[in-house]
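Chemist: this one's structure only:
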């Protein structure tokens, strides 16, 4: 087997919950915190902590709307985040195509 | 987006190093500890601890050869491990096919 794709998997994106967040943001121009929470069925605390990690890695940007009755946090994938996710999907694709050959479908 | 595949990703297999181990074992009838270590470039300690987690989950079985000058540990994917890996690959495939549509190739 070719072991190359495994160490290349971005550790920040690879975590299950963050992979779901990044995937959701890749498919939309932006999502509110509430959209993401409802879509992924995460708790506020869990989503907040994963968004913080993604923001610190420069993959996601957060902005707070002000002046409204209920201020909202809007989340977008940064250009860097979009590039990293595209690269990550490429590695996943290599894994799937490499092992689908040897492992029959269920 | 369809959030279904994310929570379904098996947490034991999803960790990068364990994904590499399970993938390698899926492609061979068995591998020795030394084969795996050399193939994946892992340290003895790191490989031992991940193999223990895989063994405790019933995904990998280990056997020690005795009576030789240098006893060897042989690692195989169990039937349960093969099924779990096949299922895991199915979820990855769903993620890749879902997001390759919205994220252009690099």
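Modeler: Yep, it's here. Given the structure is predicted, the values throughout are model-derived calculations rather than measurements. Residues are numbered from 1 along each chain as shown, chains lettered A, B, ... in the order given.
Chemist: just give me the longest helix of chain A.
Modeler: In chain A, with assignment by DSSP state H, the single longest helix is helix A:79-100.
Chemist: packing partners for that helix?
Modeler: In this structure, helix A:79-100 packs against helix A:5-8, helix A:11-14, helix A:16-26, helix B:16-26, helix B:79-100, with contacts taken as 3 or more CB pairs under 8 Å, 6 or more residues apart in numbering or on different chains; DSSP states H and E. C-beta here means a position set from N, CA and C on the backbone, and glycine is covered the same way.
Chemist: tell me the angle of the longest one relative to helix B:16-26?
Modeler: In other words, helix B:79-100. Going by axes from the mean of the first three to the mean of the last three CA atoms, to 10 degrees, helix B:79-100 is angled at 120 degrees with respect to helix B:16-26.
Chemist: and helix B:79-100, which residues are buried?
Modeler: For helix B:79-100, the neighbour count (16 or more other CB atoms under 10 Å in any protein chain shown) marks B:81-82, B:84-86, B:88-96, B:98-99 as buried.
Chemist: what is the nearest of those residues to residue B:1?
Modeler: Of all the buried residues of helix B:79-100, residue B:98 has the smallest distance to residue B:1: 6.5 Å, by CB to CB.
Chemist: so the closest one is in contact with residue B:2, correct?
Modeler: Yes: here residue B:98 reaches residue B:2: they are 6.2 Å apart, a contact under CB atoms under 8 Å.
Chemist: distance from the longest helix of chain A to the middle of the chain?
Modeler: 12 Å (CA atoms, centre = their mean, to the nearest Å).
Chemist: residues near the closest residue to residue A:14 other than its chain neighbours, how many?
Modeler: Spatial nearest neighbour of residue A:14, chain neighbours left out: residue B:16 (6.1 Å); criterion: CB to CB, 6 or more residues apart in numbering or on different chains. With neighbours defined by other CB atoms under 10 Å in any protein chain shown, the count for residue B:16 comes to 17.
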